[in-house]
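Asker: Structure, please.
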Amino acid sequence: MTLDITLRWAGPTDAASGSTYKIERTLDYTTWSELAAAQAATAPYASVSALLGADADYGATGLTLGANSLSASGYGWLDDALIQWTGKSGDNLTGVTWHSGYGTYASGSMLYEAHEAYTDSEVTPTYHAVVYRITHTTAAGLASAPAYAWYYYPPVPESSDHCVVIVGVGKDLGVGVQAGVTVTCALATDDQFADDGGQHLDMSGSGAANSQTTNNLGLAVFHCWKSSRPAQRHRRRGGCGLYVRGGRQNGHGGDHPGPGLGAAEGHWCISVS
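Answerer: Numbers count the residues shown, from 1 in each chain. Here you go, the predicted model:
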């Protein structure tokens, strides 16, 4: 299946007229394809930002902000959440749609308007994700360190009662990936297996069925019951409810929704070896 993927990002503080962006893509973290050698930056170049004036729950159709000069409609990044709005009422945003994220975002979090964009057409993900590298070059010819964007494309869940969790294992600097690493995943809190049985991600039954080997993008994929999550909400800046043992990784339970990806907010125990 081919996809049309639109990247949206906020211009850095040193962006100005004459700035350009080089955009690259990899499907396997070995071969990078140059999609745009020097896409021209667009006004206002350096992105406008605003602070949340109150906690914001994922899915809220309005956001309370402090004084701001954001566009009347547009896109923006709020931590890991890409949001879209269609109007403003005073300093507040209305008609909000959430394209990623989960949980609650704390008052005082910064929202950056994502006025820059690039559409990559007819992409076929190979390893459940597509990785992009964006490098900003100033009008004076000074190139920044690249920024990386991941588009996750997990497999379809086992059923409508399941969700998919992707765990990524990165290298020490958090930029490279580690392929061929064994990852074991289990639910620390679960209420389904007494009724349904079977080896899925329950802690008591953890074993070979709970272990996966990371692919070329350093990703391991797991399925779990949606109803296994505890009745609780996670507040941004307070952790994502993911527990890691035995290694360095950057996995999240539902941080980056894609086709078939649910938000598993329960407590996870993940070991990396």
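Asker: mind showing which ranges of the stretch 151-273 of the chain have poor pLDDT?
Answerer: Counting by pLDDT under 70, the ranges of the stretch 151-273 of the chain that qualify are 173-174, 186-209, 225-273.
Asker: 90 instead, please
Answerer: Judged by pLDDT under 90, the stretch 151-273 of the chain has its weakly predicted residues at 152-176, 181-213, 220-273.
Asker: ranges for the helices of the stretch 51-200 of the chain?
Answerer: 193-196 (DSSP state H, counting those that start in this stretch).
Asker: show me where it has strands.
Answerer: Taking DSSP state E, counting those that start in this stretch to define them, one finds strands in the stretch 51-200 of the chain at 56-57, 74-78, 81-85, 87-89, 92-94, 97-98, 104-105, 110-113, 116-123, 129-137, 147-152, 162-168, 182-187.
Asker: wait, isn't Cys224 in contact with Cys163?
Answerer: Yes: because the distance of 6.2 Å satisfies CB atoms under 8 Å, Cys224 is recorded as touching Cys163. For glycine as for every other residue, the C-beta is placed from the backbone atoms N, C-alpha and C.
Asker: Turn the strands of the stretch 51-200 of the chain into JSON lines, columns for mean neighbour count and distance to Asn216.
Answerer: Supplementary listing: the strands of the stretch 51-200 of the chain in JSON lines, determined by neighbours: other CB atoms under 10 Å; distance: least, CB to CB, whole Å:
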{"stretch": "strand 56-57", "mean neighbour count": "20", "distance to Asn216": "36"}
{"stretch": "strand 74-78", "mean neighbour count": "21", "distance to Asn216": "27"}
{"stretch": "strand 81-85", "mean neighbour count": "20", "distance to Asn216": "25"}
{"stretch": "strand 87-89", "mean neighbour count": "13", "distance to Asn216": "43"}
{"stretch": "strand 92-94", "mean neighbour count": "20", "distance to Asn216": "39"}
{"stretch": "strand 97-98", "mean neighbour count": "15", "distance to Asn216": "30"}
{"stretch": "strand 104-105", "mean neighbour count": "21", "distance to Asn216": "33"}
{"stretch": "strand 110-113", "mean neighbour count": "20", "distance to Asn216": "31"}
{"stretch": "strand 116-123", "mean neighbour count": "14", "distance to Asn216": "16"}
{"stretch": "strand 129-137", "mean neighbour count": "20", "distance to Asn216": "10"}
{"stretch": "strand 147-152", "mean neighbour count": "16", "distance to Asn216": "14"}
{"stretch": "strand 162-168", "mean neighbour count": "23", "distance to Asn216": "12"}
{"stretch": "strand 182-187", "mean neighbour count": "22", "distance to Asn216": "14"}
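Asker: Could I get these in CSV, plus columns for distance to Leu7?
Answerer: Putting these into CSV (distance: least, CB to CB, whole Å) gives the following:
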stretch, distance to Leu7
strand 56-57, 23
strand 74-78, 11
strand 81-85, 10
strand 87-89, 24
strand 92-94, 22
strand 97-98, 17
strand 104-105, 22
strand 110-113, 14
strand 116-123, 5
strand 129-137, 6
strand 147-152, 6
strand 162-168, 19
strand 182-187, 28
